[in-house]
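Enquirer: sequence first, predicted model second:
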Amino acid sequence: MAYITTKDGTRIFYKDWGPKDAQPIVFHHGWPLSADDWDNQMLFFLAEGYRVIAHDRRGHGRSDQTDNGNDMDNYAADVAELVAALDLKNAIHVGHSTGGGEVAHYVARAEPGRVAKAVLIDAVPPVMVKKDSNPGGTPIEVFDGYRAALAANRAQLYLDIPAGPFYGFNRQGAKVSEGLIRNWWRQAMMGSAKAGYECIKAFSETDFTEDLKAIDAPVLVIHGDDDQIVPYADSAPLTVKLLKNGTLKTYEGLPHGVCQTHPDIVNADIRAFLCGETASSATA
């Protein structure tokens, strides 16, 4: 297995597939998962001729279970170190949920020449938690509930989330995939309970407004309007307004975990964006 060691001594696991001279796509996973959540997309874009890379965020998956640094500044700094170690140039960064926040935080600070484009999928920016400047946000009590449930019995929490709102399996008529539920649980339980607990604050309370304003690269924002984890109205439309060069694709009736429930749609729209085409599988 491949690792880099960051300046603070943290080992970060990563996958790196495909020709090293091909354009790289870097995938950033959501909470509390791992690089494995991108298996479908990595195989798809590998077959398209790209170099595909995904890492396990610190405290998640096969990366070190750190005692500290479980915040967005350190997450983005780890990405910068991985990018430098692999000498990635003209890369596309694709982030889902918390990974979308990580992408925004990294891309806003990236060295010139490192980033070509970015894709945010059901992502947490601009900011999730409800406050005076974000009246449509999710109340802090919801995130407190996640923390309490994780501390009490994270194994059960990590079954309840994918079996219910994450993939929309709690919706009437949903086609439930036991494999997706088990794979979500497997990935989540590989990580640290402490990192999972502290990451809730990172994804819910970090304000990415200034990051979004600072990004010059083209950004595709994809979001399902039946997202029960990151509510659509307080995320994607607000994000696009803050970006200098953003495109919004709204998936009608689709859930938070759309990369796994509808990979054909997601992959086609990302490919069209990377090729400079107009995707037709979603409505803006």
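Expert: Now that the structure is in, tell me what you want to look at.
Enquirer: can you give me the offset of stretch 266-276 from its chain's centre?
Expert: Using Cα atoms, centre = their mean, to the nearest Å, we find the averaged C-alpha position of stretch 266-276 to lie 17 Å away from the chain's own average C-alpha position.
Enquirer: and if you look at stretch 51-70?
Expert: The answer for stretch 51-70 is 13 Å, by Cα atoms, centre = their mean.
Enquirer: over to stretch 8-25?
Expert: Between the mean C-alpha point of stretch 8-25 and the mean C-alpha point of its chain there is a distance of 17 Å (Cα atoms, centre = their mean).
Enquirer: can you list the buried residues in that stretch?
Expert: For stretch 8-25, the buried set under the neighbour-count rule, 16 or more other Cβ atoms under 10 Å, comprises 10, 12-16, 18, 23-25. Quick note: C-beta positions are derived from backbone N, CA and C, even for glycine.
Enquirer: mind checking the end-to-end distance for stretch 26-38?
Expert: Distance between the boundary residues of stretch 26-38 (Cα to Cα, to the nearest Å) amounts to 10 Å.
Enquirer: can you check stretch 50-62 too?
Expert: Between the start and the finish of stretch 50-62 there is a gap of 24 Å, counting by Cα to Cα.
Enquirer: make 180 the first number, not 1, from now on.
Expert: Renumbered: residue one is now 180, and that last one reads stretch 229-241.
Enquirer: got the buried residues of stretch 187-204 as CSV, with secondary structure, distance to residue 435 and pLDDT columns?
Expert: Putting those into CSV (DSSP: H, G, I helix; E, B strand; the rest coil; distance: Cβ to Cβ, whole Å; pLDDT from 0 to 100) gives the following:
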residue, secondary structure, distance to residue 435, pLDDT
189, coil, 28, 98
191, strand, 25, 98
192, strand, 24, 98
193, strand, 24, 98
194, strand, 23, 98
195, strand, 27, 98
197, coil, 28, 98
202, coil, 28, 98
203, strand, 26, 98
204, strand, 21, 98
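Enquirer: tell me the one of the residues you listed nearest residue 449?
Expert: Each of those was scored against residue 449 by Cβ to Cβ, and residue 204 proved nearest at 8.5 Å.
Enquirer: which strands or helices does the top helix by length along the chain pack on?
Expert: The helix that spans the most residues within the chain, counting by DSSP state H, is helix 319-342. Here helix 319-342 touches helix 357-369, helix 372-384, going by 3 or more Cβ pairs under 8 Å, 6 or more residues apart in numbering; DSSP states H and E.
Enquirer: return the most buried member of those helices.
Expert: Comparing those by mean neighbour count (mean count of other Cβ atoms under 10 Å), helix 372-384 comes out on top with a mean of 20.
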